[in-house]
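**Student:** Sequence and computational prediction follow.
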Amino acid sequence: MNINTTTGSITEAELGRTLIHEHVLAAYPGWYLDTRLPAPDRADAIARVTDAFQRLHAYGICSVVDPCPADLGRDVEFCAEVSQRSGVTLICTTGVYTEAQGIPYTFKHLPTEAIAEIYQREIEDGIGRTGIKAGLIKIATGDGVVSPYEQRMLTAAARAAKATGVPLLSHTENCSCGHDQIDIVTGEGVAAHRLLVGHSDGRDDHEYQASLAARGAYVGFDRFGLTVFNSDESRMKNLRQMIDAGYRDQVMVSQDSVNCWFGAVPGVGSAEDIARLLPNWTMTHLFERIFPALLAEGVSQGDLDAILLDNPRRFFSGSL
């Protein structure tokens, strides 16, 4: 199966070593209302982000999934330019964010079938007038409960995934609702192994992580460096436990880093504030600190190669 990227289509064999969840840019809804933080200069932002992706490319990463939903500042032309300049293949998504943090008003007034059609068009025909096609679908649920709005968004996403054959990648809050996501997706006839339950490393909970894998889903250990939610030591311990429990082939890793913020993060501050608070929250943190520590603790290079190379390839191809 061919995979849509921001610069054309590739086969799963061409993916290479892949990070499953990093952001070229992000912007919370209404960011532009705070005029104290004007948008960064676009040319300067592209240059800075390209430099970050080139540093990542030097570690052997060939492809990156940017699962920015449509309502969090998605800019696929920006992504395409960064991909062309850096040499890293970028895969973008269709889909929307949580009800609490996204822009639900318009979609609340559309039937589920219309939303599924929008997703399918962005996969098959392209996003807007860009001609750039989404390679997978982003789904998202809030903390502890799936709202009726989110239920409809997930249902629409699952229907579009079934129609197009692309996989789904999710956002979860505080490691909750992963099983609800699996239930909704599989209830629409999509196999669990076509879903990656994201941010499942947000707390020290091996039982929860293993229970997702036991149902066939992929499990995202995708927030290394984002230590306000969980320590990296906890994440590494849980990742080792997943490998030891026989679930290595259902784990994917990333950092969920954001390389360019438009506006502030509500309740946190500017990009500079975030960098001071989380100095290791970068796309190269895994290679500079986490992987060396895991190797020292007994994880094999073969394990890391499988997680970075084989698992993303299988996820996109749909093979078990």
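**Tutor:** In hand now; what should we look at? Numbering: from 1, shown residues only.

**Student:** how long is stretch 281-290 end to end?
**Tutor:** 12 Å (C-alpha to C-alpha, to the nearest Å).

**Student:** Show me where the stretch 101-250 of the chain has its strands.
**Tutor:** 136-143, 168-173, 195-197, 218-221 (DSSP state E, counting those that start in this stretch).

**Student:** and among those, the most buried is which?
**Tutor:** strand 195-197 (a mean of 30; mean count of other C-beta atoms under 10 Å). To be clear about C-beta, it is placed using only N, CA and C from the backbone, and glycine gets the same treatment.

**Student:** what does that one contact?
**Tutor:** 20, 167-170, 172, 178, 181-182, 185, 212, 217-220, 252, 315 (C-beta atoms under 8 Å, 6 or more residues apart in numbering).

**Student:** Neighbouring strands of it in the sheet, and parallel or not?
**Tutor:** Paired strands of strand 195-197, with direction, are strand 168-173 (parallel), strand 218-221 (parallel) (DSSP bridges).

**Student:** can I get the ones you listed in TSV with mean pLDDT and distance to residue 269?
**Tutor:** TSV is the format used below for those (pLDDT from 0 to 100; distance: least, C-beta to C-beta, whole Å):
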stretch	mean pLDDT	distance to residue 269
strand 168-173	98	21
strand 218-221	98	26
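
**Student:** which one of the ones you listed lies closest to residue 229?
**Tutor:** When those are compared by C-beta to C-beta, strand 168-173 sits nearest residue 229, at 9.8 Å.

**Student:** roughly how far out does that closest one sit from the chain middle?
**Tutor:** 7 Å (C-alpha atoms, centre = their mean, to the nearest Å).

**Student:** i'd like the first residue to be 658 from this point on
**Tutor:** Done: numbering now begins at 658, and the last item shifts to strand 825-830.

**Student:** Report the inter-axis angle for that strand versus strand 793-800.
**Tutor:** 20 degrees (axes from the mean of the first three to the mean of the last three C-alpha atoms, to 10 degrees).

**Student:** Any chance you could list what contacts strand 825-830?
**Tutor:** 677-678, 722, 724, 750, 754-755, 793-801, 814-815, 818, 835, 838, 842, 847, 851-857, 859, 877.
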